[in-house]
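**Student:** I need the structure of the sequence given here:
(one chain, ligands or ions: 2)
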Amino acid sequence: MSTRLSVNLNAVAQLRNRRDLPWPSVTGIGRIALEAGAHGLTCHPRPDERHIRRSDVPELAALVAEFPGAEFNIEGYPAEDFLAIVEAAKPDQVTLVPDDPSQSTSDHGWDVAANRDSLTKVIARLKAGGMRVSLFVDPDDPRQPPLAAEVGADRVEIYTGPYGATHDDPAGAAKMLAAIAETAEAAKVAGLGINAGHDLTLFNLPQLIGLVPYIAEVSIGHGVTADALIFGMAETVRLYRQAAGNPV
Ligand SMILES: CC(=O)[C@@H](O)[C@H](O)COP(=O)(O)O
Ligand SMILES: NCC(=O)COP(=O)(O)O
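**Tutor:** Ligands and ions are numbered 1, 2, ... in the order given. Reported below is the predicted structural model:
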């Protein structure tokens, strides 16, 4: 089984929002990514709509539905307004992230034990609506995946930001990779699927997939968007698919 690539469109939306104009089109770029072989699209609507707007979400859901086998993943903190967005869009997967609205980006995973009751309720609610649920977890805390299984999650998404931050530090990267592998193993033993994301790039992705080849999905936005400025979105998707171990 190879690792699926879900292209996160937050950064494209952020570029669009620099002007009161409709380009770059979030759905237009998403379509190019899917036509080039991306296995799905991800967005992380935040309460301030600084990138993905509430109105983008149903349009992205309709776009993904045009591509058989492609999946739509929506990420965010499970406040009622977020739950209303996902319950209307019915994505294939919801990734719950413990973000405070004031955070500039996601920077930590769930303390599942401290949120046991609320996570159990919200996961049951989303699964009853037909959505797969993944919990964002820290890369160096193998205690979290078994707890994620207990509260009903289907998958965990391992937060790879600290690994991405070691881009100029090979020894630090090796240490982070070892931690990620241990957390992934704990998730596998707990019977969960494993996703990964945050600050993954063409350069750090092959090593990650080499060590943990059973990662089901990577969601990548910042690196993909940066590389799309150089190579174009279609070629960038092909390069990332390859970096994730998919046939060329
Ligand atoms: C959960 C995760 O790592 C990504 O969704 C990331 O938070 C993207 O969010 P921003 O694009 O707002 O940084
Ligand atoms: N879940 C991580 C994601 O969707 C994209 O994160 P990034 O590549 O923009 O850091």
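
**Student:** quick one: the helices in the protein?
**Tutor:** 10-16, 26-35, 56-65, 80-89, 116-128, 144-150, 161-164, 170-189, 205-211, 222-231, 233-243 (DSSP state H).

**Student:** List the buried residues in stretch 68-78.
**Tutor:** For stretch 68-78, the neighbour count (16 or more other C-beta atoms under 10 Å) marks 70-78 as buried. For every residue, glycine as well, the C-beta is placed using N, CA and C.

**Student:** now, the most widely separated pair of these?
**Tutor:** 70 and 77 (25.0 Å; C-beta to C-beta).

**Student:** Contact partners for residue 3?
**Tutor:** The contact partners of residue 3, taken as C-beta atoms under 8 Å, 6 or more residues apart in numbering, are 209, 213, 215-218, 244-246.

**Student:** Report the buried members of those residues.
**Tutor:** By 16+ other C-beta under 10 Å, the contacts of residue 3 give 209, 215-218, 244-246 as buried.

**Student:** ok, back up a step: need the helices of the chain in a markdown table (columns: mean pLDDT).
**Tutor:** Below are those laid out as a markdown table (pLDDT from 0 to 100):
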| stretch | mean pLDDT |
| --- | --- |
| helix 10-16 | 98 |
| helix 26-35 | 98 |
| helix 56-65 | 98 |
| helix 80-89 | 98 |
| helix 116-128 | 98 |
| helix 144-150 | 98 |
| helix 161-164 | 98 |
| helix 170-189 | 98 |
| helix 205-211 | 98 |
| helix 222-231 | 98 |
| helix 233-243 | 98 |
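
**Student:** nearest to ligand 1, of these?
**Tutor:** Of all those, it is helix 10-16 that lies closest to ligand 1, at 3.4 Å by C-beta to the nearest ligand atom.

**Student:** by contact count, what packs against that closest one?
**Tutor:** Contact here means 3 or more C-beta pairs under 8 Å, 6 or more residues apart in numbering; DSSP states H and E; on that basis helix 10-16 packs against helix 26-35, helix 222-231.
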